[in-house]
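Q: structural data only, the sequence is not supplied:
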């Protein structure tokens with residue numbers, strides 16, 4: 001038997017896949033996308049969250065970043081040769097020449113400077129005498145590279161961590177929408 005038709009020529013039966021009148025497919029689709037997005041981005045987001053927790057504590061936990069030790073006076077009075085000699089005196093730092101130095105962090109207000117070796121060892125020197133104040137392994141740079149994905153590879157940073165961040169933003173937006181939807185429906189019903 002054929003579908004009865006009204007005067008406009010349209011079928012009077014409702015399509016089984018169509019939402020009921022007044023209902024939208026958006027919430028169901030949004031929930032499905034929310035679940036799939038959460039599954040796809042779960043591992044990169046976990047790496048970002050855990051490494052971010054370590055980075056939040058870097059100034060409070062010497063395991064992550066050695067605490068800064070103040071020098072004897074403010075200012076910078078040492079020359080380049082004294083800085084290199086002081087850094088080279090710490091065997092673990094592996095610094096013999098300036099090629100072994102990753103960066104210098106000069107803090108004249110604290111009377112000290114940090115010499116970071118390419119092997120992540122940090123040697124803190126007194127800015128007046130060049131005396132070694134402290135030497136320790138610095139993990140914060142390693143944790144930062146894990147946090148942004150560059151530790152794994154530049155392609156992983158761009159093709160895994162960046163899309164995961166975009167998906168996470170989408171999850172946040174859809175989550176807010178799913179949370180607000182019942183409140184908006186109740187408000188419309190009251191009006």
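A: Noted; the coordinates are in hand. What you see is a predicted model; the values in this text were computed from it and never measured.
Q: neighbours of residue 134, how many?
A: 16 (other C-beta atoms under 10 Å). Placement of C-beta: from N, CA and C, glycine included.
Q: check residue 115 too.
A: 27.
Q: from residue 61, how far off is it?
A: Distance, residue 115 to residue 61, by C-beta to C-beta, to the nearest Å: 22 Å.
Q: low-confidence bits of this structure, can you list those?
A: 1-24, 26 (pLDDT under 70).
Q: so which bits of the helix ranked longest in the chain are buried?
A: Identified as the longest helix of the chain according to DSSP state H is helix 26-56. For helix 26-56, burial by neighbour count (16 or more other C-beta atoms under 10 Å) applies to 27, 30, 34, 37, 41, 44-45, 47-48, 51, 54-55.
Q: got the buried residues for whichever helix or strand comes after it?
A: Towards the C-terminus, the helix or strand next in line after helix 26-56, according to DSSP states H and E, is helix 80-88. Under the neighbour-count criterion of 16+ other C-beta under 10 Å, helix 80-88 has 83-84, 86-88 buried.
Q: what's helix 80-88 in contact with?
A: Outside helix 80-88, the residues that touch it by C-beta atoms under 8 Å, 6 or more residues apart in numbering are 78, 93, 95-98, 101, 104, 113, 115, 117, 123, 125, 130-132.
Q: closest to residue 163 among the residues you listed?
A: Using C-beta to C-beta, residue 117 is the member of the contacts of helix 80-88 that lies nearest residue 163, at 34.4 Å.
Q: which residues does the closest one contact?
A: 87, 93-95, 100-102, 123.
Q: swap in residue 168?
A: By C-beta under 8 Å, 6+ apart, the contact set of residue 168 is 37, 41, 45.
Q: test my guess that the second one contacts residue 170.
A: No - in this structure, residue 41 is not within contact of residue 170 by C-beta atoms under 8 Å, at 9.1 Å.
Q: which element is residue 125 on?
A: Going by DSSP H and E, residue 125 is in strand 121-126.
Q: centre of the chain versus that strand, how much separation?
A: Distance of strand 121-126 from its chain centroid, counting by C-alpha atoms, centre = their mean, to the nearest Å, is 27 Å.
Q: tell me the strands beside it, with direction?
A: Partners of strand 121-126 in the sheet, by DSSP bridges, are strand 112-117 (antiparallel), strand 132-137 (antiparallel).
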